[in-house]
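[1] What follows is a predicted structure for the sequence shown.
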Amino acid sequence: MPRFQRAYVAILAAWTLSLGALAEEKPAHWSYNERAGSGPSHWGALDSDNRLCKTGLQQSPIALHTREAQRLAERDVTLHFGSAKGELVNNGHTIQFNVADAAANAVTYKGDNYALTQFHFHTPSEHHLNGKTFPMEMHLVNKDSSGRLTVVGVFIKQGSKNDALARLWDRLSALDTAQKAEEVDLGALMPASHEALLYAGSLTTPPCSEDVNWIVMVQPIEMSGQQIQAFQKLFRNNHRPIQRDHGRRVVEEAAM
Ligand SMILES: [Zn+2]
């Protein structure tokens with residue numbers, strides 16, 4: 001083989017290798033930045049795995065209205081939230097607390113047990129309640145043994161300092177340093193009223209998978225202006241806009 005041909009083959013091989021490395025990388029990068037071309041309106045086109053973001057008929061978040069919700073006498077939801085141990089991380093999209101002791105906290109929904117795996121935050125809120133948005137929203141993600149999800153949404157309004165989150169918030173700006181085990185009292189964090197709106201929705205981030213049971217608490221919890229600003233210094237906007245509800249049924253009940 002002439003020398004130039006050998007060089008050509010070597011370059012081609014190197015090029016193919018680097019393509020292979022690229023193909024193994026994570027799915028296309030998504031963000032909340034519409035101007036960068038990777039924001040929520042582009043998610044469905046970024047990767048074929050994300051197609052439900054564009055074509056799904058049960059997408060989240062949606063605008064919720066307590067007056068339009070169906071009030072049922074039955075109680076489908078029991079929240080078992082107490083102390084949670086785990087680690088706080090900045091994953092580039094949000095601040096997330098990964099729960100280490102998955103069996104310690106759970107939600108029972110229609111008789112099935114969903115163990116708490118993580119909770120994280122959005123600003124401003126993703127769901128709307130009675131035509132209003134809130135400065136922030138917390139999502140507690142619970143999984144059953146077959147991987148199905150039940151997510152508890154909690155609105156956060158500006159008010160007094162949130163003591164249950166104070167220790168975590170002290171560490172917000174230093175999350176790129178060594179991880180440290182943390183503990184949060186979720187029982188103290190949840191709103192006093194367990195009135196909740198239930199509907200069938202999706203993940204609010206790619207791949208926007210559906211069949212997510214949503215339990216959105218009606219009563220917000222509070223955080224101080226300083227605590228909200230500390231989060232917004234890291235994430236100015238990490239919310240997905242409201243999706244069409246396609247006539248979905250929303251049920252209101254008092255979770256136990
Ligand atoms: Zn979320």
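    Structure received.
[2] all helices of the stretch 101-250 of the chain, in order?
    All helices of the stretch 101-250 of the chain, identified by DSSP state H, counting those that start in this stretch, fall at 163-170, 186-189, 225-234.
[3] Would you format these as CSV with mean pLDDT and mean neighbour count included?
    C-beta coordinates here come from the backbone N, C-alpha and C atoms, glycine included. Shown next, in CSV, are the helices of the stretch 101-250 of the chain (pLDDT from 0 to 100; neighbours: other Cβ atoms under 10 Å):
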stretch, mean pLDDT, mean neighbour count
helix 163-170, 94, 15
helix 186-189, 96, 17
helix 225-234, 97, 16
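[4] Out of the ones you listed, flag the one nearest P207.
    helix 225-234 (24.1 Å; Cβ to Cβ).
[5] Quick check: the closest residue to V99 other than its chain neighbours vs H80, distance?
    Leaving aside its chain neighbours, V99 sits nearest to G86 (4.3 Å; criterion: Cβ to Cβ, 6 or more residues apart in numbering). Applying Cβ to Cβ, to the nearest Å, the value for G86 to H80 is 16 Å.
[6] if you count what's nearby, which of those two comes out ahead?
    Counted by other Cβ atoms under 10 Å, G86 and H80 do not tie: G86 has more neighbours, with 22 against 17.
[7] contact partners of whichever strand or helix holds the more buried one?
    Element membership for G86, per DSSP states H and E: strand 83-90. With contact meaning Cβ atoms under 8 Å, 6 or more residues apart in numbering, strand 83-90 is reached by 95-101, 104-105, 116, 118, 168, 171, 175-176, 179-187, 234.
[8] Tell me the neighbouring strands of it, and mark each as parallel or antiparallel.
    Counting by DSSP bridges, the strands paired with strand 83-90 are strand 95-99 (antiparallel), strand 181-185 (antiparallel).
[9] which residues sit against the last one?
    It stands for strand 181-185. Strand 181-185 has contacts (Cβ under 8 Å, 6+ apart) with 82-88, 97, 100, 164-165, 167-168, 171.
[10] Centre of the chain to that strand, how far?
    Strand 181-185 sits 19 Å away from the centroid of its parent chain (Cα atoms, centre = their mean, to the nearest Å).
[11] what's across from G153 in the sheet?
    Following DSSP bridges, G153 is listed with bridge partners H139, V216.
[12] returning to what we had before: give me whichever of the strands paired with strand 83-90 is most buried.
    strand 95-99 (a mean of 21; mean count of other Cβ atoms under 10 Å).
[13] now that one against helix 163-170, angle please.
    Calculated by axes from the mean of the first three to the mean of the last three Cα atoms, to 10 degrees, strand 95-99 forms an angle of 110 degrees with helix 163-170.
[14] So which residues make contact with strand 95-99?
    So strand 95-99 is contacted by 84-90, 105, 116-121, 168, 172, 175, 182, 184, 231, 234-235 (Cβ under 8 Å, 6+ apart).
[15] can you dump the C-alpha coordinates of it into PDB?
    C-alpha atoms of strand 95-99 as PDB (Å, rounded to 0.1, in the frame of the first residue of the first chain):
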ATOM      1  CA  ILE A  95     -30.200  20.700  42.900                       C
ATOM      2  CA  GLN A  96     -31.000  17.100  43.800                       C
ATOM      3  CA  PHE A  97     -31.000  15.100  47.000                       C
ATOM      4  CA  ASN A  98     -30.300  11.500  46.200                       C
ATOM      5  CA  VAL A  99     -31.800   9.300  49.000                       C
END
